[in-house]
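# structure, please.
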Amino acid sequence: MPIPPRQPFLTITCPSCGWNTVIRQRSDALIVPSVCPVCGHENLSCSLSGHIQTLTTHPASYLAALLKNRKL
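Numbering: from 1, shown residues only. Model prediction:
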């Protein structure tokens, strides 16, 4: 059974050319790109996305995740 992630947004960055993308993690099983689509570098870094970066790249998903996790 998949486990929902605590921080659902990850930033994948290429240390060689600077390419990056934000991925919404929907469960504990995540397939991330292993090769940079721009330069072909193989060792991409993965980190948790900051709130501002996530809000600018995926506003609807970010706001939906905030509302879902909000304690009333």
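
# residue 38: neighbour count?
11 (other Cβ atoms under 10 Å). C-betas here are computed from N, CA, C, even on glycine.

# just give the closest residue to it, not the sequence neighbours.
Nearest non-adjacent residue to residue 38, counting by Cβ to Cβ, 6 or more residues apart in numbering: residue 19, 4.5 Å away.

# and the one you found, how close does it get to residue 65?
Distance, residue 19 to residue 65, using Cβ to Cβ, to the nearest Å: 24 Å.

# what about the helices in the chain?
With DSSP state H as the criterion, the chain has helices at 51-57, 59-69.

# one step back: and the residue nearest to residue 38, what is it in contact with?
By Cβ atoms under 8 Å, 6 or more residues apart in numbering, residue 19 lies in contact with 13, 36, 37, 38, 39.

# residues contacting the second one?
In this case it means residue 36. Contact partners of residue 36, counting by Cβ under 8 Å, 6+ apart, are 14, 16, 17, 19, 42, 44.

# where does pLDDT dip in the chain?
The model of the chain has pLDDT under 70 over residues 1-7, 27-30, 50-58, 62, 69-72.

# recalculate using a threshold of 90.
By pLDDT under 90, the low-scoring segments of the chain are 1-13, 18-34, 43, 45-72.

# can you tell me how far the residue nearest to residue 38 sits from residue 34?
Going from residue 19 to residue 34 by Cβ to Cβ gives 13 Å.

# out of the contacts of residue 19, flag the one nearest to residue 48.
Closest approach between the contacts of residue 19 and residue 48, by Cβ to Cβ: residue 13, at 11.9 Å.

# burial count for the nearest residue to that closest one once chain neighbours are set aside?
The shortest distance from residue 13 to any non-neighbouring residue, by Cβ to Cβ, 6+ apart, is to residue 20 (4.3 Å). Residues near residue 20, counting by other Cβ under 10 Å, number 16.

# going along the chain, name the strands of this structure.
Using DSSP state E, the strands of the chain run over residues 9-13, 20-24, 45-48.

# nearest to residue 61 among those would be which one?
strand 20-24 (5.1 Å).
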